[in-house]
Structure formats: C-alpha cells, structure tokens
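Novice: The following block contains a protein sequence and its predicted model.
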Amino acid sequence: MRQKTVLVAEDDPQTLQLLSRLLKSRGYNSLLASDGDVALALFEQHRDAIDLLLFDVLMPRMDGYTCAKQIRAQRPDLPVLFISGYSNEDMNEQIATWPRCVFVSKPLHIALLATQLDWMFLSE
C-alpha cells in the first residue's frame, strides 16, 4: 500500500515544522508550502501523489481557501483539512457545503488534529 501524501500550506514556519513532524509520526509523507502560491506549484508537480490538503486559511499572497478551491476545481475528490486561528463565519458556511472538508481551530491540539487526519483517510 502506497504511503499517503499530504500537501501542507502554512505561513508560520514553526507551525509548518510541527505539522511536518506530526505527519511523519503518523506515517504520512508531506509536501510543505509557505503559502498558497507555493502550494499550487507543488500541486502541479505532484498532482496524482497528493491525497489530502492541510491548509491554513489565512496566508499572505494566496490564502488557503482560494488555493484549495483552485485545486479542487481540478481534483474535486481531494479531502481538505483547514486550520485557522481566526473564526470566519462566511468561510465556515462556504466550506460546510464542501464534501470531505474539516475545519480545526488554532491553537492546534495535536491529538485532535491527528484524529481528524486519520479519520479523513479512513473515510475514503
């Protein structure tokens, strides 16, 4: 069985490294991006290898929501796990209609995040 790959977009370097370590500890590969522009470029390079998007909602240049929307236009089946320290009711309402999409608030609780990741892969 092929190891699952998660495309991670997070503008905070410490959080990005934390997510990378979490994914590795759970047996997942990760592709790391510092913003949505980099994530979109990584998606173009590894389109068929990516199994899940883990995106911060608010980032400079291209935000996670916009990036995920562009990626899902090409791969609508791709699950998305959004993270954010800010509550945005409009965004929450928009992603509530997306299939296979979860939102986790910051500060991140690693056990909850790990459970959500595993659940998203098990629900395939």
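Specialist: Done, it's in. Here the structure is a predicted model, which means the values were calculated and not measured.
Novice: Flag the shaky bits of this protein, pLDDT-wise.
Specialist: Within the chain, the set of residues satisfying pLDDT under 70 comprises 1, 87-94, 96, 123-124.
Novice: How about the contacts made by the spatially most central residue of the chain?
Specialist: Taking Cα atoms, centre = their mean as the criterion, residue 54 is the residue nearest the geometric centre of the chain, at 1.0 Å. The contact partners of residue 54, taken as Cβ atoms under 8 Å, 6 or more residues apart in numbering, are 6, 7, 8, 9, 10, 19, 23, 80, 81, 83, 117. For the C-beta atoms, the positions are set from N, CA and C on the backbone; glycine is no exception.
Novice: In the chain, what residue spans correspond to strands?
Specialist: In chain order, the chain shows strands spanning 5-9, 29-33, 52-56, 80-84, 101-105, with DSSP state E as the criterion.
Novice: nearest to residue 46, of these?
Specialist: Of all the strands of the chain, it is strand 29-33 that lies closest to residue 46, at 6.1 Å by Cβ to Cβ.
Novice: so how far is the closest one from its chain's centroid?
Specialist: In terms of Cα atoms, centre = their mean, to the nearest Å, the centre of strand 29-33 is set 10 Å apart from its chain centre.
Novice: so what secondary structure elements neighbour that strand?
Specialist: Counting contacts by 3 or more Cβ pairs under 8 Å, 6 or more residues apart in numbering; DSSP states H and E, strand 29-33 packs against strand 5-9, helix 13-25, helix 36-46.
Novice: quick one, the last one and strand 52-56 angle?
Specialist: When you say that, I think you mean helix 36-46. Relative orientation of helix 36-46 with respect to strand 52-56: 170 degrees, computed using axes from the mean of the first three to the mean of the last three Cα atoms, to 10 degrees.
Novice: same thing with the second one?
Specialist: Our comparison of helix 13-25 with strand 52-56, counting by the same axes, to 10 degrees, yields an angle of 160 degrees.
Novice: Enumerate the positions of helix 13-25 that are buried.
Specialist: Burial within helix 13-25, assessed by neighbour count using 16 or more other Cβ atoms under 10 Å, is assigned to 15, 16, 19, 20, 22, 23.
Novice: what about the residue nearest to the last one when sequence neighbours are not counted, how many residues close to it?
Specialist: Right, the one you point to is residue 23. With sequence-adjacent residues excluded and distances taken as Cβ to Cβ, 6 or more residues apart in numbering, residue 23 is closest to residue 30, at 4.4 Å. Other residues within reach of residue 30, judged by other Cβ atoms under 10 Å, total 19.
Novice: Okay then, goodbye and thanks.
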